[in-house]
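Undergrad: Sharing a model prediction with you, sequence too.
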Amino acid sequence: MLIALRGLAMGIAEVIPGVSGGTIAFITGIYERLLASIKQILGPELWQSWRQGGFIRVWSDADGRFLLALLMGMAAGIVIGVFGVSHLMERYPVLLWAFFFGLIIASSIFIARQITRWGVAEYSTLALGTALAFYITIATPAQGTDAHWFVFLSGVIAISALILPGLSGSFVLLLLGMYTTIIGTLKKLLQHFDVESLITIVIFALGCLLGLATFSRILSWMFKTWHNLTLALLTGFMLGSLNKVWPWRQVVSYRTNSKGIEVPFLEKSVLPSQYISGDPMLAGALACMVLGVLLVWWIERTSKPQRHV
């Protein structure tokens, strides 16, 4: 149940552009265990396990109970995120973004504390990760397409961001111009279950599987070879992503979607005093930031890192 609840939080996080499911996995202590499980079930090790002991050996080597509970929680979280969190985002965006801002600040501190030695290489890697993530947050989103090849490619790229703390798979979809396409198609599938939507989601899922199979192995190798540098890079990713979850933002430009409705296209961060889109809700936002920090502190106190070799 505890693993499923972690998966629930990861699923909700991944629906929101700017918040990473990998961040949730890291601060709840299951990140390296998750990478090991994905690598086992999506690599050549799967065939070796099958030859040695069939399904029972595969289930054991892939940490099956852990992965099943996590995936069930994530599936529930994605449904809640698509319908529930998106509703909250429309009604209380400042408070929700403030909560995630506090969550990511505390999470970056938590990850940085796992680094056993700070030197020139670690500080340089931290700066590189911060600069790269910040650049991504200010990059101009592309115009997406519903072509199957691009849907597949979007799945490969987005899932790679999903398992990186600080980089949101949803935000990468936004940059690719595919966020509204994928989320809209998923909503349509859950509401009406039409064949066209199912085909699109299946193609996207296949891209995600390929991305997971390759990127999880790269990350596992990085953790084993350059543990401190990898943690410094992930900390930088989280610090650089703070610009995306800043609660007070103004729309710079709009674009017309497929239904002919103007929707926000580019945004910039502003001070609360410069926020003109509504009530800045400064007191409430600060309280939500503190709540996010306290939540990470509580998770850190109650969770222990779970590694699976």
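TA: Structure's in. What do you need? Numbers count the residues shown, from 1 in each chain.
Undergrad: Pass me the low-pLDDT residue ranges in the chain, would you?
TA: 17-19, 86, 140-144, 166-168, 171, 254-265, 303-309 (pLDDT under 70).
Undergrad: can you give me the helices for it?
TA: 2-15, 21-27, 31-41, 45-61, 64-80, 86-91, 93-112, 120-138, 148-162, 169-175, 179-192, 195-225, 227-240, 282-302 (DSSP state H).
Undergrad: With Arg249 as the reference, name the closest of those helices.
TA: Arg249 sits nearest to helix 93-112 of all those, at 8.0 Å, using CB to CB. C-beta: built from backbone N, CA, C; applies to glycine.
Undergrad: which secondary structure elements does the closest one contact?
TA: helix 21-27, helix 227-240, helix 282-302 (3 or more CB pairs under 8 Å, 6 or more residues apart in numbering; DSSP states H and E).
Undergrad: Those into JSON lines, with extra columns for mean neighbour count and distance to Gly184?
TA: Below are the helices and strands packed on helix 93-112 laid out as JSON lines (neighbours: other CB atoms under 10 Å; distance: least, CB to CB, whole Å):
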{"stretch": "helix 21-27", "mean neighbour count": "27", "distance to Gly184": "20"}
{"stretch": "helix 227-240", "mean neighbour count": "23", "distance to Gly184": "28"}
{"stretch": "helix 282-302", "mean neighbour count": "16", "distance to Gly184": "28"}
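Undergrad: Can you add distance to Ser49 and give the ones you listed back as JSON lines?
TA: Formatted as JSON lines, the helices and strands packed on helix 93-112 follow (distance: least, CB to CB, whole Å):
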{"stretch": "helix 21-27", "distance to Ser49": "23"}
{"stretch": "helix 227-240", "distance to Ser49": "26"}
{"stretch": "helix 282-302", "distance to Ser49": "32"}
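Undergrad: between those, which gets nearest to Tyr123?
TA: Among the helices and strands packed on helix 93-112, helix 227-240 comes nearest to Tyr123, with 7.5 Å by CB to CB.
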